[in-house]
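Just the structure for this:
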Amino acid sequence: MGIFSRTRDIIAANVTDLLDRAEDPAKMIRMIILEMEETLVEVRASAARTIADQKELRRHILKLEKLQDSWIEKAELALSKDREDLAKAALVEKQKAADMGDQLKHEIATLDESLRAYEEDISKLQGKLREARARQNAIMTRLETAQNRIRVREAYAGQKVEEAFSRFEVLERRVDFAEGRADALSLGAQPKTLEEEFAELKSAEKVEAELAALKARASKEG
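Reported below is the predicted structural model:
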């Protein structure tokens, strides 16, 4: 595809419609931006070549104008020597140089039109590029937000959390069993000695400490 066709296609393209049809909007927007950047470089290069061509043509025009002046001087010299034939021949050559100069001026005018078209295309491409980059930032922000939401939801509903709560239930059941044993032993039994009271306190304290440690570890994993 030629640079003019590709440039027109990009300028006419609706970035929003392209993204709506894309399976992977993030990948699509990167491709759009890359294509726009490459086309912009090519259009600028073409504009630079046009400007260079204009400068070269203007140099040729200056040379032709000097050549015309030279032929006029020769024609004047010929007339001063009564050589009308030479004067006429010099004026013919002067007219050829003038005609060539007019042709080059016409080419410069054509290049001016091309350069104006390049300038317009560059302006529109830059606008499209700004739009695409703005959409890229919006897409990446939305994608990052969605990924963060997924991580948070997985933290609440993930396997680690379920396993932690299962361990809580096991430990709570162990505490219930220990308390039940303590209550059962007190039924119809003689009052506990002071040492027995302290031993039961230490046993219950160990279970409570293990439960607290497990809860703290599960909290860090979440």
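
who are the neighbours in contact with the residue positioned nearest the centre of the chain?
The chain has R133 as the residue nearest its centroid, 4.9 Å off, counting by Cα atoms, centre = their mean. For R133, the contact set (Cβ atoms under 8 Å, 6 or more residues apart in numbering) comprises I33. From N, CA and C alone the C-beta is placed, and that goes for glycine too.

Can you give me the pLDDT of it?
If you check R133, the pLDDT there is 85.

Within the helices and strands, which one has it?
helix 84-157 (DSSP states H and E).

Determine the number of other residues adjacent to A89.
A89: 15 surrounding residues under other Cβ atoms under 10 Å.

Quick check, pLDDT for it.
The model's pLDDT for A89 equals 95.

repeat for T16
T16 is given a pLDDT of 61.

swap in E76?
pLDDT, read off for E76, is 94.

Name the nearest residue to it, ignoring sequence neighbours.
Distance criterion Cβ to Cβ, 6 or more residues apart in numbering; nearest residue to E76, sequence neighbours excluded, is A87 at 7.5 Å.

ok, now how distant is that neighbour from A199?
Relative to A199, A87 is positioned 138 Å away (Cβ to Cβ, to the nearest Å).

Just list what the helix or strand R44 falls within packs against, helices and strands only.
Assigned by DSSP H and E, R44 belongs to helix 25-80. Applying 3 or more Cβ pairs under 8 Å, 6 or more residues apart in numbering; DSSP states H and E, one finds that helix 25-80 contacts helix 3-12, helix 15-21, helix 84-157.
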